[in-house]
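K.L.:
need coordinates for the following:
(one chain, ligands or ions: 1)
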Amino acid sequence: MPIYSYKCKKCAHAFDINQALSEDALTICPECKGNLIKVFGLGDVTFKGSGFYKTDNAASPPKNSSSSES
Ligand SMILES: [Zn+2]
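P.N.:
Next up is the predicted model:
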């Protein structure tokens with residue numbers, strides 16, 4: 001079961017929770033009822049691995065400014 005990390009935008013309360021993939025993401029802080037944001041990077045998050053964010057349009061500079069200039 002994947003571990004999700006959440007952080008509250010309001011009170012900065014952060015916690016990890018085991019959730020099934022079918023479960024809805026949490027949105028309400030248990031401490032202050034503020035808005036939670038999902039934090040990635042801890043636990044076995046699915047997109048750890050090679051080449052996920054090495055897509056072509058991510059980091060490569062534009063070949064030429066082919067907009068409607070001419
Ligand atoms: Zn909170």
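K.L.:
strands along the protein, start to end?
P.N.:
Using DSSP state E, the strands of the chain run over 3-8, 14-18, 36-39.
K.L.:
mind putting the ones you listed into TSV with mean neighbour count?
P.N.:
Any C-beta I mention is one placed from the backbone N, CA and C, and that applies to glycine too. Listed next are the strands of the chain as TSV, based on neighbours: other CB atoms under 10 Å:
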stretch	mean neighbour count
strand 3-8	17
strand 14-18	13
strand 36-39	16
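K.L.:
quick one, which of these gets closest to the ion.
P.N.:
When these are compared by CB to the ion, strand 3-8 sits nearest the ion, at 3.1 Å.
K.L.:
tell me the mean pLDDT for the closest one?
P.N.:
On average, the pLDDT along strand 3-8 is 91.
K.L.:
and that strand, which strands flank it?
P.N.:
When pairs are called by DSSP bridges, strand 3-8 turns out to pair with strand 14-18 (antiparallel), strand 36-39 (antiparallel).
K.L.:
the shortest one and the ion in contact?
P.N.:
No: using CB under 5 Å from the ion, strand 36-39 never reaches the ion; the gap is at least 7.5 Å.
K.L.:
which parts of this structure sit against the ion?
P.N.:
8, 10-11, 13, 29, 31-32, 34.
K.L.:
filter those residues to the buried ones?
P.N.:
With burial judged by 16 or more other CB atoms under 10 Å, the buried subset of the residues of the chain next to the ion is 8, 29, 34.
K.L.:
do I have it right that the first one meets residue 33?
P.N.:
What it means is residue 8. No: counting by CB atoms under 8 Å, residue 33 is not a contact partner of residue 8; they are 9.2 Å apart.
K.L.:
dump the strands paired with strand 3-8 into a markdown table; add mean pLDDT as well.
P.N.:
Shown next, in a markdown table, are these (pLDDT from 0 to 100):
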| stretch | mean pLDDT |
| --- | --- |
| strand 14-18 | 92 |
| strand 36-39 | 92 |
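K.L.:
mind putting those strands in a markdown table, distance to residue 4 included?
P.N.:
As requested, the strands paired with strand 3-8 are exported to a markdown table (distance: least, CB to CB, whole Å):
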| stretch | distance to residue 4 |
| --- | --- |
| strand 14-18 | 6 |
| strand 36-39 | 6 |
